[in-house]
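[1] with the input below, show me the fold.
(chains A and B)
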Amino acid sequence: MKLNTLTLTNALALLKKKEISLEELYRDIEKAIEEKNNELNIYLTVDKEAMKKARQAQELPLGGLPIAVKDNFLTIGLPTTASSNVLDGFMPPYESTVTKRLKESGGVVIGKTNMDAWAHGSSTETSDFGPTKNPRNLKHLPGGSSGGSAAAVAADMCIAAIGSETAGSIRQPAAWCGVVGLKPTYGRVSRAGVVAMGSSLDCPGPIGKTVEDCAVLLHVIAGKDEYDGTTSSQTAPRYQKNLKDGVKGMRIGLCYTDHPKLVGTPVDVAMREAGKVFERLGAKVELVKLSKSVKPNTILTPDYAIGLYTIVQRGEVSSNLARYDGIRYGEDRSHFGEEAKRRIALGTFILSKGYADKYYVHAQKVRSLYIQNFKELFETYDVLVSSPSPGFALPIGASAGDPMFGELQDMLVEPSSLAGLPGISIPCFRDPETNLYLGLNIMANHWQEEKMFAVAYTFEQNIRWDP
Amino acid sequence: MKTKKFTPKDVAKIAKLARIPVTLQEEKQLADGFNATMNVVDQLFKVDVGNVEPTSHVTGSMNVFREDDVDVTRTFTQEQALLNAKRTHNGFFVVDHLLEE
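    Residues are numbered from 1 along each chain as shown, chains lettered A, B, ... in the order given. Okay, the predicted model is just below:
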């Protein structure tokens, strides 16, 4: 058996029972990286000292396991570029809270993964260091912006990974690569030491082979951090504890399958099938009808969220990326790529004198409507489920020259992300002809990750895969 | 409400505000991209927001304070601070001059 294919939970159990050794595990991981990284372009940096660090971490809860980390998390000793030429060769002088916690729990950063430059995109094609390929089908994109991290998990080039999301950047690549990805509640995981993008949206989160692996990792990275004032003071629960709670008696709202863009598509079919699985297991599943305004027991159309997300994200991007002046670190502003220039410039316009009220403030009012809509829906439903993406992974080259590629690909998660809600994407369908996957996105109310895990775990244990 | 069409000249002005150097060709490309994007964004003005308050924080947390103390464990040494700078002089950052003589 190749040990790089192990899940985090199984690897830990086998290490503990001494049935496998760290050396054997790292040998298989490093071999997979050596064989596949040139072709897939997943890792921008690999830590050659990883095995040595793992040996020192064996007694800790994560036992020295190799974790892939998106290249927008600051890591001392490993370059951090956010896949942009502006930060090419940048050596962080401090550590992000997420990787600090990972290391303190015995995780080892095996390498830094490719992403859309500055996390601007949903394809990994805006990376200044070339696109990543989808390990399930090399002619296709892995999605993004955490495309490298999701692909590293799918290609068994790590045991699990860390990504970050503003709207879709964990869940969409997880869906496209056929793995599990979780975006926590805004403020559940610290943003300190993550290259900032949209500060009112940014959320670090785990990507793994199973729901349980994500539960283990979320517990490690979640919690109050004095370096990020938006983190919640509520203690992060042991998410593994409630995995087996089941869905019996739960009310589950099925969302967006009646959207004109989805009706009759493979996503529509897969979502309805998922609904049947939940019903068979004792949940009450209802379609939440789409609406153009906030009305009881309907869900506000994601159509408005596209423009809303664009305004909020571009505005916050222009402000966050103003710090790159090439004086203290990095290259000067002429090194920004096409997509970053487009976003910074449009954000500057949106926030400029005379326009900020018209665009940004109006957008934040529409955002309040989405928040109100979800608040009311969670009075009726335990969780809401949808697809994280309108379809399968698209072919390489699909994002070229489209200034709204990401916004349209992520339209189904933009409303809940703008409302700060948590969501987990798990594989729910595989096309045997293309070997490409569809995901199922399970969303819960703020701080209700435990409920979300129980639903995701139940589905994962009860879905039948074709041989 | 409809956003007026961007011209390459509008883009040049915005790019200057954003301190992004752009070529003439980029001005045109960016203008086209902005027009496509704002076409989608303008859909937002169809939404009647009535007297809804704008969102300030999604989970409603407010006024998070800390003591105004220096955390010495988090202070960079001069060496660390200059580690990634392209141009330094006698332990300082070198910046372009701002004032004419």
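
[2] three-state assignment of residue B:40?
    Classification of residue B:40 using DSSP: H, G, I helix; E, B strand; the rest coil returns helix.

[3] tell me how many other residues crowd it.
    16 (other C-beta atoms under 10 Å in any protein chain shown). For the C-beta atoms, the positions are set from N, CA and C on the backbone; glycine is no exception.

[4] let me know the outermost residue of the chain.
    No chain was given, so I picked chain A. Centroid-distance maximum for chain A: residue A:354 at 35.2 Å, with C-alpha atoms, centre = their mean.

[5] oops, wrong one, chain B.
    Chain B, farthest from centre, C-alpha atoms, centre = their mean: residue B:90 at 30.9 Å.

[6] next one: that one from residue B:75, what distance?
    20 Å (C-beta to C-beta, to the nearest Å).

[7] so what does the residue farthest from the centre of chain B look like in phi/psi?
    When read as degrees, to the nearest 10, the backbone of residue B:90 gives phi 50, psi 40.

[8] for residue A:383, same thing?
    For residue A:383, the backbone dihedrals (degrees, to the nearest 10) come out as phi -140, psi 160.

[9] hang on, it packs against residue A:252?
    Yes: using C-beta atoms under 8 Å, residue A:383 makes contact with residue A:252 at a distance of 5.7 Å.

[10] joint contacts of those two?
    Taking C-beta atoms under 8 Å, 6 or more residues apart in numbering or on different chains as the contact rule, residue A:383 and residue A:252 both touch residue A:455.

[11] against residue A:202, how distant is the residue nearest the centre of chain B?
    Taking C-alpha atoms, centre = their mean, the centroid of chain B lies closest to residue B:18, which sits 6.9 Å from it. Going from residue B:18 to residue A:202 by C-beta to C-beta gives 21 Å.

[12] what sits against the most centrally placed residue in chain A?
    When C-alpha atoms, centre = their mean is applied to chain A, the residue found nearest the centroid is residue A:170 (1.3 Å). By C-beta under 8 Å, 6+ apart, the residues touching residue A:170 are A:146, A:150, A:163-164, A:181-183, A:203, A:205, A:207, A:425.

[13] looking at those, which has the most residues close by?
    residue A:146 (39 neighbours).

[14] that one contacts residue A:171, doesn't it?
    No: with contacts counted by C-beta under 8 Å, residue A:146 stays clear of residue A:171, the gap being 9.1 Å.

[15] overlap in contacts, the two.
    Common neighbours of residue A:146 and residue A:171 (C-beta under 8 Å, 6+ apart) are A:165, A:181.

[16] how close does residue A:332 sit to chain B?
    Distance, residue A:332 to chain B, by C-beta to the nearest C-beta, to the nearest Å: 8 Å.

[17] do the same with residue A:302
    Counting by C-beta to the nearest C-beta - residue A:302 and chain B are separated by 11 Å.

[18] looking at it, that residue is touching residue A:415, isn't it?
    Yes: if you go by C-beta under 8 Å, residue A:302 and residue A:415 touch, sitting 5.2 Å apart.

[19] which of the two has more neighbours?
    A count of neighbours by other C-beta under 10 Å puts residue A:415 above the other of residue A:302 and residue A:415, at 30 against 23.

[20] got the contact list for that one?
    Going by C-beta under 8 Å, 6+ apart, residue A:415 touches A:299-300, A:302, A:305, A:370, A:373-374.

[21] ok, 10 Å please
    A:167, A:255-256, A:299-306, A:308-309, A:367, A:369-371, A:373-374, A:386, A:421, A:443 (C-beta atoms under 10 Å, 6 or more residues apart in numbering or on different chains).

[22] list residues touching both of residue A:302 and residue A:415?
    Common neighbours of residue A:302 and residue A:415 are listed as A:255-256, A:308-309, A:370, A:386 (criterion: C-beta under 10 Å, 6+ apart).

[23] so among the residues you listed, which ones count as buried?
    A:255-256, A:308-309, A:370, A:386 (16 or more other C-beta atoms under 10 Å in any protein chain shown).

[24] strands - which of these land there?
    If you go by DSSP state E, these have A:255, A:386 in strands.

[25] for stretch A:127-134, buried residues please.
    A:127-129, A:131-134.

[26] between these, which is nearest residue A:7?
    Using C-beta to C-beta, residue A:134 comes nearest to residue A:7 of the buried residues of stretch A:127-134, at 20.5 Å.

[27] that closest one touches residue A:152, doesn't it?
    No: applying C-beta atoms under 10 Å as the test, residue A:134 and residue A:152 come out as separate, 11.9 Å apart.

[28] what's the burial count for residue A:384?
    Residue A:384 has 26 neighbours, counted by other C-beta under 10 Å.

[29] just the CA coordinates for stretch A:228-242, please, in PDB.
    Provided in PDB are the C-alpha atoms of stretch A:228-242 (Å, rounded to 0.1, in the frame of the first residue of the first chain):
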ATOM      1  CA  ASP A 228      -7.000  39.100  14.700                       C
ATOM      2  CA  GLY A 229      -9.700  41.200  16.400                       C
ATOM      3  CA  THR A 230     -12.400  39.600  14.400                       C
ATOM      4  CA  THR A 231     -11.800  36.100  15.900                       C
ATOM      5  CA  SER A 232     -14.500  34.800  18.200                       C
ATOM      6  CA  SER A 233     -13.800  34.300  21.900                       C
ATOM      7  CA  GLN A 234     -16.000  31.200  21.900                       C
ATOM      8  CA  THR A 235     -13.800  28.100  22.400                       C
ATOM      9  CA  ALA A 236     -13.600  25.900  19.300                       C
ATOM     10  CA  PRO A 237     -15.300  22.600  20.100                       C
ATOM     11  CA  ARG A 238     -13.800  19.100  19.400                       C
ATOM     12  CA  TYR A 239     -15.500  18.800  16.000                       C
ATOM     13  CA  GLN A 240     -14.800  15.000  15.900                       C
ATOM     14  CA  LYS A 241     -17.200  14.400  18.800                       C
ATOM     15  CA  ASN A 242     -20.400  15.100  16.900                       C
END
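
[30] so where do the strands sit in chain B?
    B:88-89, B:92-93.

[31] turn the ones you listed into CSV, columns for distance to chain A and mean neighbour count.
    Listed next are the strands of chain B as CSV, based on distance: least, C-beta to the nearest C-beta, whole Å; neighbours: other C-beta atoms under 10 Å in any protein chain shown:
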stretch, distance to chain A, mean neighbour count
strand B:88-89, 10, 10
strand B:92-93, 5, 12
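
[32] report the contact partners of residue A:33.
    A:4, A:40, A:42-43, A:46, A:66, A:68, A:110-111, A:152, A:155-158.

[33] so for it, what's the pLDDT?
    With respect to pLDDT, residue A:33 scores 98.

[34] and it, its phi and psi?
    Per degrees, to the nearest 10, the backbone of residue A:33 is at phi -60, psi -50.

[35] next one: residue A:78
    According to degrees, to the nearest 10, residue A:78 has phi -120, psi 130.

[36] any part of the helix or strand of chain A with the lowest mean pLDDT near chain B?
    Of all helical and strand segments in chain A, the minimum by mean pLDDT, DSSP states H and E falls on helix A:405-409, at a mean of 89. Yes: using C-beta under 10 Å from any C-beta of the partner chain, helix A:405-409 reaches chain B at A:407-408.

[37] list of residues touching that helix?
    Contact partners of helix A:405-409, identified using C-beta under 10 Å, 6+ apart, comprise A:116, A:119-123, A:125-126, A:141, A:143-145, A:166-169, A:172, A:176, A:261, A:305-310, A:313, A:339, A:388-391, A:394, A:398-399, A:402, A:414, B:37, B:40-41.

[38] what's the first helix or strand after it?
    Sequence order places helix A:414-418 as the next helix or strand after helix A:405-409, per DSSP states H and E.

[39] run the chain-centre distance for that next one.
    Helix A:414-418 has its C-alpha centroid displaced from the chain centroid by 13 Å (C-alpha atoms, centre = their mean, to the nearest Å).

[40] before we move on, what about stretch A:456-463?
    How far stretch A:456-463 lies from its chain's middle: 20 Å, per C-alpha atoms, centre = their mean.
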